[in-house]
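Asks: A predicted structure for the sequence below; I have some questions about it.
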Amino acid sequence: MPDMIKSAIPMWRVQFHLLGGMRKMVFVLTATVTIIVAGTIVVRRVAAGTPFTTVAGWITVFLAWAQSAILVLAGSNMIYRAIVRDVDSRMIESHRLSPMTNLGVALGYLFGPTQQVLAVFLTAGLGGAIIGFIGQIPLGPWGIGHAVLLTSAITLWALVVFSGMKSGKPLNPGGLIIAVSSLSLPLSFVPGAAILLNIYSVMYGMYLLMGKAAPHAVITAITFAVCAAMILYWLAVAAVKYRRPDLPALGSFRGLILLAILVVLGMIGLAAFEELRSRFVSVPTDDDFLTPQWIVSLVMAVCLAAIPIGGAVQCRMLAARGAALRDWTDRISDVLVVLLAAIIVLSGSYIIGWKCWHEVLPIPQAAQRAWGYTGAAVLVGLLTLRPVFVLVQRYPKSASALVGAFVLIVWGFPPLIDLIRAEQLATVYKPPTFSFLMGLSPIGTLIAAWADIAVPLIPGITFQVILLSLLWIVAARFRRRWPTLPHVAAR
Amino acid sequence: MFESSSPHIADYKLTESAVKDTRSGGEGRPERSARTHPNSLLATSGESYADPAVEIMNLLRAEHIRVEFGPLVAVDDASFDLSGGQLLGLVGPNGAGKTTLIRVLAGLHAPTRGTAYVMDKPILDENQIVRHHVGFAPDTPPLYDDLTLQQFLRFIGGAYDLTRQETDERIDFWLEQLWLTEKRDVLMKHLSRGMKQRAALARTFLPSPHVLLLDEPLSGLDPAGRRQLRGVLGMLRDQGCAMIVSSHILSDLEEVATHIAIIEQGKIIRWTTTDALHHEDLERRTYRLAIANGYEEFGKLLAAIPGVSDVRAEGRLYTFDYLADEARVVELLQDFVHRAVPVVSFTMVTKSLEEVYLRAGVKQVD
């Protein structure tokens, strides 16, 4: 038996006892069956003249909602409570002392506290299948819908496990669901993120269960593949953080993987957006919707590259102070991480997103020019993030906030100011005209390049290079002081 | 670096294969006697460290460990070795860094600098074998309140890869040793503080670790429980475990420790063997003398003797320091008899750990 599973078994067993053991399990399952049977009888009585096929349809729709709520809300909540209990009681340290493998413990938290939820889900799924069978409802979508919903929920659970290991306070599942639901429209600008966060897969599963959609082989395959990849990823980073809370969870190597996943999914999402929109998202159709989507995806990728860069710089600082790093994944040079991140963003967008950029700028010369500026903006931008991260190590607890502030002010303000200025000066007869301000930041450069705005970008890029050089020099001096800086220990 | 040098402890080296044998119940596993540590590494009847093939050496090693919390240096350059059969008593005021140091050694806290090794393997490495050998009991025991003691310990057995039979045997043993047999099926939330403390110790001892790190294990126990635990600690020490025990109950520590380290503001300021502690400052010793009634001026007489200082009188009981060799002490007593001092008793007071600690001038941390 693999060590991972061997380590997970005691965790599952102990969670089973903590959840009330066999007696509680039998009670929960009996209650589930009773509710389904009683509910069916009541509905049948109330709608006496209605054909059973219709009644079965109502019941399966109700069950679809119930199943989603059970999996997403109850499942996440059980994991949340288990982790908070172990962190608060310090039992997590007892686990950490034991020879249980890191992945085994993460797996234990994934499937241990959710045993009852899974049992209820399967029982209700079986009950729904029996009702559907009697009501002559096709069972294919019901089965596939359950599989899709389950894998999507497990992906979400894995994210809850990771967040718990990272901060000791897992994501609040209720808050997460509300946040994700409210973000669904803005996320349509970055369809890849919506895929990554499982919004589309949960919707797909729900539609299948409610009979609103037919199974689609490609979408089902992509859903399973993405969920499997993300489950593995979140569990792997949760395992790392469980063992070494002092090191960045998404440090260099793992951050690069996340960046690559997001870039790939982002580009796939853009390419398949029409398909996704027609099925899941109600956003107005606009011929020019692709351009902002493309630009937002590029900007998001550049911003997300901050994760591996920040992780790499933090690891370098810890090493400079004498701390023991975990393995080679934490020892990658921060400059190399910057270059790899730039390669991932540029090549991923270029190769996987070729269909999109061809549609955004179908004129070869314009596209060629845009790629030139994109390369410069991404490279200079990511290289700039490195010294910024070096400098903020003086305040490790606020490092992320400080880098966020830098990105917002230094990268966000120039294009924003130029945008406001251009809008104010524009009239009915005179279209908005932009200035060199647009090119002062990588974000502005990307907007100008891909929106095909005719502004001189070279002076702006020159400014970015000068800023980069200055920051690099200051950071190099500061870096020498790293070994003497007060260390802020992780929790 | 402090060198451990207990004269009565032989240095042995514990090989991984030997450990594995004993754990898996292989051929190298020694026979058990009824009242010894089950699955004990070395020993069983009478003679400890009997197996010459099993060497214990540097079971635990700290190398320049430094821990910082912002500007606060919690542990400052701590380095030492601990071999099997050695028990280090870690003493110091509250906030001196004892708990932090122990947590680093257990691998629960990554040091800012330096490395802790267990059996020559860095504790922070992804090495499952190393974790089999380290047991840590924190001052606040982490337990699952909604489990019975037996369920909890069975979980621990599973986590350490023990079979159900092995686990149950060890549970029987440790519950008996720690006076918890009757509480086996009681939910942990219904246990008193002292019992929880003992349950946490049972959890720590159950996997038979070779390195034991106990943070204030005696604090929540009643006098009889403390005595019992001292016995258990002595047994584990004699069976070849390397142990660090932090405690403020110095008299208990003195009884079981082979080594003492005093830690102040993160720095180990004193490291000594318990034997050396009792015999240091040979020239200056404290004596206690009781006299019968009828010698009112004895205090003045005592104070006037050259070499005598710090005379304290409690009724007819006098305590004083005397800077002299043994011959002069004999002469002093003869002089008293000659002067017809009605001496009832005359004893040398052994310096206690508490006294050594208090005299070390350790700064209390606010």
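Replies: Structure received. Predicted, not measured: the structure shown is a model, and the values here were computed from it.

Asks: Kindly confirm my reading that residue B:109 is in a strand.
Replies: No. The assignment for residue B:109, made by DSSP: H, G, I helix; E, B strand; the rest coil, is coil rather than a strand.

Asks: and the residue lying closest to residue A:258 once chain neighbours are set aside, what does it touch?
Replies: Closest residue to residue A:258 apart from its sequence neighbours, by Cβ to Cβ, 6 or more residues apart in numbering or on different chains: residue A:250 at 6.0 Å. Backbone N, C-alpha and C define where each C-beta goes, glycine included. Contacts for residue A:250 (Cβ atoms under 8 Å, 6 or more residues apart in numbering or on different chains) come out as A:237, A:258, A:307, A:308, A:311.

Asks: Tell me the secondary structure at residue A:250.
Replies: coil.

Asks: Enumerate the positions of stretch B:135-155 that are buried.
Replies: Within stretch B:135-155, the residues that count as buried by 16 or more other Cβ atoms under 10 Å in any protein chain shown are B:135-139, B:141-144, B:147-155.

Asks: Restricting to C-alpha, output stretch A:59-77 in CSV.
Replies: Extracted in CSV, the C-alpha atoms of stretch A:59-77 (Å, rounded to 0.1, in the frame of the first residue of the first chain):
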residue,chain,number,x,y,z
ILE,A,59,-37.7,15.5,-7.0
THR,A,60,-34.5,15.2,-9.0
VAL,A,61,-34.3,18.9,-9.4
PHE,A,62,-34.7,19.3,-5.7
LEU,A,63,-32.1,16.6,-5.1
ALA,A,64,-29.7,18.3,-7.5
TRP,A,65,-29.8,21.5,-5.4
ALA,A,66,-29.6,19.4,-2.2
GLN,A,67,-26.6,17.4,-3.4
SER,A,68,-24.7,20.6,-4.5
ALA,A,69,-25.4,22.2,-1.1
ILE,A,70,-24.4,19.0,0.7
LEU,A,71,-21.1,18.6,-1.2
VAL,A,72,-20.1,22.2,-1.5
LEU,A,73,-21.3,23.7,1.7
ALA,A,74,-21.5,20.8,4.2
GLY,A,75,-18.4,19.1,2.9
SER,A,76,-16.2,22.2,2.9
ASN,A,77,-17.6,23.1,6.3
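
Asks: what comes into contact with it?
Replies: So stretch A:59-77 is contacted by A:36, A:39-40, A:43, A:114, A:117-118, A:120-121, A:124-125, A:127-128, A:131-132, A:137, A:142, A:145-146, A:149-150, A:153, A:156-157, A:160, A:171, A:173-174, A:176-177, A:202, A:205-206, A:209-211 (Cβ under 8 Å, 6+ apart).

Asks: burial count for the closest residue in space to residue A:85 that isn't next to it in sequence?
Replies: Using Cβ to Cβ, 6+ apart and skipping residues adjacent in sequence, the residue nearest residue A:85 is residue A:91, 7.4 Å away. Per other Cβ atoms under 10 Å in any protein chain shown, the neighbour tally for residue A:91 reads 19.

Asks: confidence score at the residue of the stretch 251-400 of chain A found nearest chain B?
Replies: For the stretch 251-400 of chain A, the residue closest to chain B is residue A:322, as judged by Cβ to the nearest Cβ, at 3.2 Å. pLDDT recorded at residue A:322 is 80.

Asks: quick one: low-confidence parts of the stretch 51-200 of chain A?
Replies: Across the stretch 51-200 of chain A, the ranges flagged by pLDDT under 70 are A:173-178, A:180-185.

Asks: At which residues are the strands of the chain located?
Replies: Chain wasn't specified; assuming chain A. Assigned by DSSP state E, chain A shows no strands.

Asks: try chain B instead
Replies: B:60-69, B:72-82, B:87-91, B:113-118, B:121-122, B:134-137, B:211-215, B:242-246, B:259-264, B:267-273, B:284-291, B:308-314, B:317-323, B:343-349.

Asks: looking at those strands, which is closest to chain A?
Replies: Distance to chain A, taken as Cβ to the nearest Cβ, is lowest for strand B:113-118 among those, at 3.2 Å.

Asks: what mean pLDDT does the closest one have?
Replies: 91.

Asks: Quickly check: it near chain A or not.
Replies: Yes. For strand B:113-118 and chain A, the contact criterion (Cβ under 8 Å from any Cβ of the partner chain) is met by B:113, B:114, B:115.

Asks: near chain B, which residues of chain A show up?
Replies: Proximity of chain A to chain B, by Cβ under 8 Å from any Cβ, involves residues A:3, A:6-7, A:9-11, A:13-14, A:17-18, A:89-91, A:93-102, A:243-247, A:321-324, A:326-327, A:486-490.

Asks: Filter these down to the ones in helices?
Replies: A:3, A:6-7, A:9-11, A:13-14, A:17-18, A:91, A:93-97, A:102, A:243 (DSSP state H).

Asks: quick one: least confident helix or strand in chain B?
Replies: Of all helical and strand segments in chain B, the minimum by mean pLDDT, DSSP states H and E falls on helix B:16-24, at a mean of 37.

Asks: Helices - which of the contacts of stretch A:59-77 land there?
Replies: A:36, A:39-40, A:43, A:117-118, A:120-121, A:124-125, A:127-128, A:131-132, A:142, A:145-146, A:149-150, A:153, A:156-157, A:160, A:173-174, A:176-177, A:202, A:205-206, A:209.
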